[in-house]
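J.: structure here, sequence nowhere to be found:
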DNA sequence: GGAATCATACTCGGATAGGTATTGTCCGAGTCTGTACGG
DNA sequence: CCGTACAGACTCGGACAATACCTATCCGAGTATGATTCC
């Protein structure tokens, strides 16, 4: 069970964009900030665009910016955008191949093993949905008060 | 984020073994019950053996049986045995490559993005750890009272 | 007849290929900028 | 001097390889069984 690595990059990029409001930032700059492969990060940002989390602009002075308010972007939104919506545990309804199976039953709902696993994932997703990018930003600003300003400065200097 | 398919097989196999106490059942029979590939299921059962969940016996009349009481086997135990212990979200500490990074900081604990994701997984694992195989068995026996007996009969007849 | 020995068949166990999803890269379509030209 | 047309460069976007993991399979090591042989 391995989550797409781009989720981490996407979350950090969202947080950084919160500190540069109203401006578009290119994938190149966002990648340079953490020394990430530009093209691959761009791929992840595209996914965020498709999900309506970011908006993109082409051409010079183009780039990405948040398309929604930070408190309206949950961690689950980002995870789903990058990693896909399907559950980790996939019920293949093996009971259907077992003896005494009911061909017309939906074992994704009937099978109690499937139900238990799904319940755990539900709790997991609920926890992710309860936290927004704004929450993370607020926590960072509380724990590391200098981070917002220094981040802003870094992107400003890079702009040169 | 895709979980190993063998988890589903392993869970169902554990449940079935609960209804055939004190006997060893071969991977071949367990596979035949759900029409699964024998060798691959065998691989999963090996993992359960290594984890101390099942015990294996070689030779004729050999096979697998539960090594612990059903109420002492949590769903998390099975998931970890098959799918591995590492978390889905892997913090690669990209902050270390960022500007103003502290080389001696452990960003898996410091980074608030990592913390939030880890918290969600913790809730997930806690939910899995709260349910045991015995719970599943009890639920099945309550919802489908005929299942234990018919399962027992199926394995008995197969023995022929 | 009973016991020990041996061949046999059956099981798990790990080592070995195949398929699929993730990771990484590249080039083209579109667009804004800045300049040059004409009025 | 001002407006317009144009060339250029920069960005995202999706299509294209490389890699790693999951899935699937096979054959060997070990063991209990059952028959056979010897006492």
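T.: Perfect, thanks for sending it. Please read these numbers as outputs of a predicted model, since none were measured by experiment.

J.: mind giving me the packing neighbours of the biggest helix by length in chain A?
T.: The longest helix of chain A (DSSP state H) is helix A:112-129. In terms of contacts (3 or more CB pairs under 8 Å, 6 or more residues apart in numbering or on different chains; DSSP states H and E), helix A:112-129 is packed against helix A:75-83, helix A:107-110, helix B:6-18, helix B:75-83, helix B:112-129, helix B:133-143. C-beta: built from backbone N, CA, C; applies to glycine.

J.: pLDDT on the last one, on average?
T.: So the one you mean is helix B:133-143. Mean pLDDT, helix B:133-143: 98.

J.: who's in contact with that helix?
T.: The contact list for helix B:133-143, computed with CB atoms under 8 Å, 6 or more residues apart in numbering or on different chains, reads A:112-113, A:116, B:11, B:14-15, B:18-19, B:69-71, B:73-75, B:78, B:147-148.

J.: might you list the low-confidence residue ranges for chain A?
T.: The model of chain A has pLDDT under 70 over residues A:158-160.

J.: who touches the residue nearest in space to the middle of it in this structure?
T.: Most central in chain A under CA atoms, centre = their mean is residue A:78, positioned 2.0 Å from the mean C-alpha point. Residue A:78 is in contact with A:7, A:10-11, A:14, A:48, A:53, A:133, counting by CB under 8 Å, 6+ apart.

J.: next, the spatially most distant residue from the centre of chain A: secondary structure please.
T.: Each residue of chain A has a distance to the centre, and by CA atoms, centre = their mean the biggest one is for residue A:100: 42.7 Å. On the three-state scheme (DSSP: H, G, I helix; E, B strand; the rest coil), residue A:100 is labelled coil.

J.: pretty sure it contacts residue B:150?
T.: Yes - Residue A:100 is within contact range of residue B:150, at 5.7 Å (criterion: CB atoms under 8 Å).

J.: phi, psi of residue A:55?
T.: phi -120, psi 140 (degrees, to the nearest 10).

J.: relative to residue A:120, how far out is it?
T.: Note on residue A:55: its distance to residue A:120, by CB to CB, to the nearest Å, is 35 Å.

J.: quick one: buried ones out of the contacts of residue A:78?
T.: A:7, A:10-11, A:14, A:48, A:53, A:133 (16 or more other CB atoms under 10 Å in any protein chain shown).

J.: reformat those as CSV; add distance to DNA strand C.
T.: Output for the buried ones among the contacts of residue A:78, formatted as CSV (distance: CB to the nearest atom of the strand, whole Å):
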residue, distance to DNA strand C
A:7, 8
A:10, 11
A:11, 14
A:14, 17
A:48, 14
A:53, 18
A:133, 21
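
J.: tell me which of these is nearest to residue A:96?
T.: residue A:7 (33.3 Å; CB to CB).

J.: quick one: contacts for the spatially closest residue to that closest one that is not a sequence neighbour?
T.: Among residues not flanking residue A:7 along the chain, residue A:82 sits closest, at 4.8 Å (CB to CB, 6 or more residues apart in numbering or on different chains). Residues counted as contacts of residue A:82 (CB under 8 Å, 6+ apart) are A:4, A:6-7, A:10, A:44, A:47-48.

J.: now residue A:82: how far from residue A:14?
T.: 11 Å.

J.: again with residue A:104
T.: From residue A:104 to residue A:14 the distance is 45 Å (CB to CB).

J.: and for residue A:69?
T.: In this view, residue A:69 and residue A:14 are 12 Å apart by CB to CB.

J.: common neighbours of these two, please.
T.: Counting by CB under 8 Å, 6+ apart, residue A:69 and residue A:14 have no shared contacts at all.

J.: what about residue A:60, how many residues nearby?
T.: 7 (other CB atoms under 10 Å in any protein chain shown).

J.: is it fair to say it lies in a strand?
T.: No - secondary structure of residue A:60 (three-state DSSP): coil, not part of a strand.

J.: flag every residue of chain A that's near DNA strand C.
T.: A:2, A:4-6, A:37, A:39-40, A:42-43, A:57-62, A:83-84 (CB under 7 Å from any atom of the strand).

J.: any of those buried? List them.
T.: A:2, A:4-6, A:42, A:83.

J.: ok, and of those residues, which contact DNA strand D?
T.: Applying CB under 7 Å from any atom of the strand to these, those adjacent to DNA strand D are A:2, A:42.
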